[in-house]
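**Student:** sequence and predicted model, in that order:
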Amino acid sequence: MAAIKQTFFQECEEQLCELETGLLAIDDGDTDSETVNAVFRAVHSIKGGAGAFSLEELVQFAHVFESALDHLRAGRLAPSGEVLKTMLRAADMLADLVRAARSDSSVDTASREELANELRAFDPHEPSKGSGQGIQASEDDDPDIAGFEPVPICLDDLGTELHSIQNRFLIHFTPKPGLYAKANETALLMRELSKLGEIQIICDYSHLPLLDELDPEHSYLSWTVELTTVHDETAVRNVFEFVEWDCELDIQELDPEAAPDDEAITALIREMQATVEADLAARSDPQVASVPASAAEPPATAGNPAMSQRGKQEMATAAQATIRVDLDRVDRLINLVGELVINQAVLTQRVFEAGVARASGVATGIDELEQLTREIQDSVMAIRAQPVKSVFQRMPRLVREVAALTGKKVRLVTEGENTEVDKTVIEHLTDPLTHMIRNAIDHGLESPQGRVAAGKPEEGLVRLSALHRSGRIVIEVSDDGAGIDRTTVKAIAAAKGLISPEAALSEEEVDNLIFLPGFSTTSTVSDISGRGVGMDVVRRSIQSLGGRISIRSKPSQGSTFTLSLPLTLAVLDGMVVTVADETLIVPLSAIVETLRPKADKVHGFGGNAMVIAIRDQFVPLIDVGRELGYRAKDTDPCASVVLLVESEGHARNALLVDAILGQRQVVIKSLEANYRHVAGIAAATILGDGRVALILDTDAVVAHWREVATDFEEPLAAAG
Amino acid sequence: MTDMTNKNQGRPTADPANARELIAFRMGAQEFCVDIMSVREIRGWTKATPLPHSPPFVRGVVNLRGTVLPIVDLAARLGFAGAEPTARHVIIVAQIGTQTIGLLVDAVSDILTLAEDLIQATPEVASEMAKTFVRGVLAVDQRMISMIALDHVLPADERDAA
């Protein structure tokens, strides 16, 4: 039971996402009825599930919400901005209630009731409001809503009135395969219907194919029911409430005066029987006739090509089929594939070391193995890849809440939410993004008055976008606010002793001051951003993912934070280099270019430091071997190779290595798992010869070099 | 690859419920042992990839069937001069908490099964460094074997653990 409940909550999360996405789409002017239906369906499913687990609070609220949505669906309520605002808040409340139910806690009843009343107020049948409610902005309606008392409408009266009248309905019911997939059963529905009154059921099995063409998962039968009842159409529809979307349902009300054996029905039934008989007659195998009667879902049979074709189409239309898999299993698979890749590389190297000719059959086999391994690896990685949507979807709510807290008007625009990235990266994205968006609203955007005064629209814009760029995912958070106030930033940094007051800093350097630990531009600690943690935490968490963060800002035009992250934390494209007889991997994404330095381009610079002139620009030259303590003395730059790397803030540095061996994709192995973090090293990998090679963290190497260079008179003395 | 077959049965074993199994190994002239339950496997020395900015007793990392295994030179860790490892040296792969590490020792000498109460307290003469790691001593066949606890073998997470 607990497991089923767990599944229910998981599905709730999905439904809530769909709900929010749908509402936002409607807010953006999406008038497609399917969108409204999807929203309605989401709330309805949550209600249904919650009912099964007797989660009363959830059911009640979902019901009120559902009724309001029903008015929207039926067009009785116009989807105005105010209506949708309330609906979005209701969606948030529903999410809170689901979470509360999950953790067995409770939600503030007062706010829930208030919201429920607001939703009830959307009822156009409510005379005092009329249909104008949805269209009018509710600014001046607010007091009315607060004082609004829901008027219970007694439907029992209606019922007694109807008791004397016999209603007759003709119901055509054609279940779709999905109906059975969700464990609904036609027989039970029919039994429910029979409780309403007198019924006559005719099953139409004319669409039933021959046994060898029969797809056991498909639904071929349909029913025609004639019902004579004292209840009204709603009662009849309620029977089908939970299967509504998984069947074709047509309910016709027949003239109650007419006799039960109405000509029309008899004609219809005759017609149907004729078709069935004709159909059966047309088939060569008379035995088929006995099959349809036996069961709605006959046993499995192998389909012929035509049938499987149909089956495939079915799959395509029933959205993309997905399965839930325990993440541990996927991780295990990924680890194993990682081993396979390494093993394959080892094997390749050994085979050629053993002197096998390149043109031999063994070599061809090895090549094919390599290709296959690569393909397996790509497919396995694709299993882990997920659209960033799951993170982006949490942001609208955050924006609404922060906007409400700060009294600012904010519109969030998201782009590229289908950009895919490894699940582990996604998991680590939520916190930094949350913080950055909070910052963008709290610090970036001006107050509505301030914006109007600056000649901007009152509503601020926060843009969240994702895209793939050269093997990395780039996520941008930008606002159209005031931009970074560089004078203030500098003054604060100086006041906090982070820089010396007379330091001459470029604009970019000033902007980057906000990433320093202990920096916060707001003098008071607000509830939204600035709980003592700041952009330095964001930067650190991004860096721990192998990512970089940079900032662009223009006064009065806004700021843009750019995150660049690896697509996966499992493999990396690297350049294999040697330094002091050790093999190192340098992430390809960090390298801008490689070159062989000429003697006249390398200059000593102060104590022990060196710079190299690259196209008339002087770039600091860092000897990786010394930096890592692999050798005590500087090597001769002219006998080495220079890797020009770009680090955070677009600063360029030249790393000196002994030689480049080549490029290859390597499987990332954690050093922290069995050891601990090593300064200057991002991770480890295993090379073709079976030895461990370290993956260089270029940013950390540069940062460490800088630290040492500024801290000590003899910059490189402490490096070893 | 080691003298694992030289299993010493008939050691002073009291009642089996109270018995402990230990793996004894040599470093220089001294003998040490660790609980057999923490030992995963024993393998020969392969050249390690040195780690930058690491304390001298961390020899580097090796590939253990796809796992990156840090190698601690136990002699250096205990404060004696470690010799340059050769192919005759041995790595004891041990489990410490959630981490797996390799301990570089000269050779594995014995597997002991003995009663818990035969373990004596560490003599007061031991150096500070040894006291951190030695949990007790055993007298077996006129040899003294120090029992080592592995909890603190890896450097603490501060940068200047060396």
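**Tutor:** Looks like it arrived, so ask away. Numbering: from 1, shown residues only, chains lettered A, B, ... in the order given.

**Student:** from here on, just use CA atoms for contacts and neighbour counts.
**Tutor:** Will do.

**Student:** low pLDDT regions in chain B?
**Tutor:** For chain B, applying pLDDT under 70 flags the ranges B:1-17, B:82, B:125-126, B:129, B:156-162.

**Student:** neighbours around the closest residue to chain A within it, how many?
**Tutor:** Relative to chain A, the nearest point of chain B is residue B:99 (4.6 Å; C-alpha to the nearest C-alpha). Counted with other C-alpha atoms under 10 Å in any protein chain shown, residues neighbouring residue B:99 total 14.

**Student:** stretch A:223-240: end-to-end distance?
**Tutor:** 13 Å (C-alpha to C-alpha, to the nearest Å).

**Student:** I'd guessed the residue of chain B closest to chain A sits against residue A:675; true?
**Tutor:** Yes. Residue B:99 lies in contact with residue A:675 (C-alpha atoms under 8 Å); the separation is 7.3 Å.

**Student:** quick one on the thing from earlier: OK, contacts around the nearest residue to the residue of chain B closest to chain A once chain neighbours are set aside?
**Tutor:** Nearest non-adjacent residue to residue B:99, counting by C-alpha to C-alpha, 6 or more residues apart in numbering or on different chains: residue A:674, 4.6 Å away. By C-alpha atoms under 8 Å, 6 or more residues apart in numbering or on different chains, residue A:674 lies in contact with B:68-70, B:98-101.

**Student:** now do the longest helix seen in chain B: distance to the chain's middle.
**Tutor:** In chain B, with assignment by DSSP state H, the single longest helix is helix B:128-133. Relative to the chain's own centre, helix B:128-133 is displaced by 14 Å; criterion: C-alpha atoms, centre = their mean, to the nearest Å.

**Student:** stretch A:400-413 now?
**Tutor:** In terms of C-alpha atoms, centre = their mean, the centre of stretch A:400-413 is set 21 Å apart from its chain centre.

**Student:** flag every buried residue along it.
**Tutor:** Using 16 or more other C-alpha atoms under 10 Å in any protein chain shown as the burial criterion, the residues of stretch A:400-413 that qualify are A:400, A:402-403, A:408-412.

**Student:** ok, these vs residue A:371, which is closest?
**Tutor:** Ranked by distance to residue A:371 (C-alpha to C-alpha), the buried residues of stretch A:400-413 are led by residue A:412 at 43.7 Å.

**Student:** so what's the closest one bridging to?
**Tutor:** In this entry, residue A:412 is beta-bridged to residue A:462, by DSSP bridges.

**Student:** which strands and helices lie in contact with the following helix or strand past the longest helix of chain B?
**Tutor:** Beyond helix B:128-133 on the C-terminal side, the first helix or strand identified by DSSP states H and E is strand B:134-140. Helices and strands touching strand B:134-140, by 3 or more C-alpha pairs under 8 Å, 6 or more residues apart in numbering or on different chains; DSSP states H and E, are strand B:143-148.

**Student:** what's the angle between the strand it packs on and strand B:134-140?
**Tutor:** 160 degrees (axes from the mean of the first three to the mean of the last three C-alpha atoms, to 10 degrees).

**Student:** can you give me how far strand B:143-148 is from the chain middle?
**Tutor:** With C-alpha atoms, centre = their mean, you get 11 Å for strand B:143-148.

**Student:** what about residue 26, which SS state?
**Tutor:** Picked chain A for this. Using DSSP: H, G, I helix; E, B strand; the rest coil, the structure places residue A:26 in helix.

**Student:** chain B was what I was after
**Tutor:** strand.
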